[in-house]
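return a 3D structure for these sequence lines:
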Amino acid sequence: MSLMSFLRHRFRPRRAATVAVVLGLPVLCALGAWQVLRGQEKAHTLALAEAHGALPVVDLGGRSDADPVAGQQRVRVRGVFLSDRQGLLDNQVRDGQVGYDVLTVLRLSGDGGLVLVDRGWLARGPRRADVPQWPTQDGEVTVTGYLRAPTDVPLVDGRVAETLGGFWVVSEIDTQHLGAYLDLPLWPRILRLSPESAHGFRRDWPVVAMGPQRHYGYAVQWFGLAAALLALYVIAGVRRARALED
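Here you go, the predicted model:
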């Protein structure tokens, strides 16, 4: 039996089912393909981070005008932490414990440039108002870390969300609006301290929020749903054709 003969006599799907398949199948396949693409991007990011981690540290000294090749390459800077210009990045969770990332402005020794440094995570107390405490660091320091672009999500209305315990609190890092709030010309990129650097706290940030295997797993689910939809469509069409013949 030819395919056309089969479609005429043995396959009689409902019109609504055909419309559902025509509309739904491309969407499910597109979602699966997008997850595969995202997985490939994450795998590339991880490979790039591993390669850059093997590169020598770029010594920026006390200048803020140098620009490493990539954000995953480590840099070394010298400067003075401004203890009166410190804040907290809100809603940071480690091992189920809510806390904050400590943000401190570093004035570079060479050209006086101002870089916002993410020094790592500290747990908060039982109440939101129980902000962590840490000793101030006086004098010149040398730290290493990774220069990262700030968030793509700006602060709401360009304002700091609130202040707690004398520290400003933000939910996203937006150097432009934060610099305006602090009345400081912050460098556009932030410095995230590397684990081996001194003057920091807990620093176990993942390179990517979701690994490539998770994306590939989601892709399998979407493609599986597409296959299931097509199989159900064919089975229902064949059964309806048999019922009409009877």
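
distance from the strand ranked longest in the chain to the middle of the chain?
For the chain, the strand that runs over the most residues, judged by DSSP state E, is strand 74-94. Relative to its chain's centre, strand 74-94 lies at 19 Å (CA atoms, centre = their mean, to the nearest Å).

what residue ranges in the chain score low on pLDDT?
1-9, 61-72, 151-162, 246 (pLDDT under 70).

what are the pairing partners of the helix or strand following the longest strand of the chain, and which direction each?
Sequence-wise, the next helix or strand downstream of strand 74-94 (DSSP states H and E) is strand 97-108. Using DSSP bridges, the strands paired with strand 97-108 are strand 74-94 (antiparallel), strand 114-123 (antiparallel).

of the ones you listed, which stretch is the most buried?
The highest average neighbour count among the strands paired with strand 97-108, using mean count of other CB atoms under 10 Å, belongs to strand 114-123 at a mean of 22. Backbone N, C-alpha and C define where each C-beta goes, glycine included.

what about the most centrally placed residue in the chain, which SS state?
Residue closest to the mean C-alpha point of the chain, counted by CA atoms, centre = their mean, is A209 at 5.0 Å. State at A209, reduced to three classes by DSSP: H, G, I helix; E, B strand; the rest coil: coil.

tell me the spacing between it and R239.
With distances taken as CB to CB, to the nearest Å, A209 is found 45 Å from R239.

and D138, what element?
Per DSSP H and E, there is no helix or strand for D138.

brain fart, Y233
helix 212-245.

kindly report the same for V22.
Taking DSSP H and E as the definition, one finds V22 inside helix 15-53.

run the angle between that helix and strand 74-94 for me.
Counting by axes from the mean of the first three to the mean of the last three CA atoms, to 10 degrees, helix 15-53 lies at 130 degrees to strand 74-94.

pull up the pairing partners for the helix or strand following helix 15-53, direction included.
Using DSSP H and E, the helix or strand that follows helix 15-53 in sequence is strand 58-61. Here strand 58-61 is paired, per DSSP bridges, with strand 74-94 (parallel).

and A129, how many neighbours?
Using other CB atoms under 10 Å, A129 is surrounded by 9 other residues.

the residue nearest to it when sequence neighbours are not counted pairs with what?
Distances taken as CB to CB, 6 or more residues apart in numbering put L164 closest to A129, at 6.0 Å, once the chain neighbours are dropped. Beta-bridge pairing of L164 under DSSP bridges involves F167.
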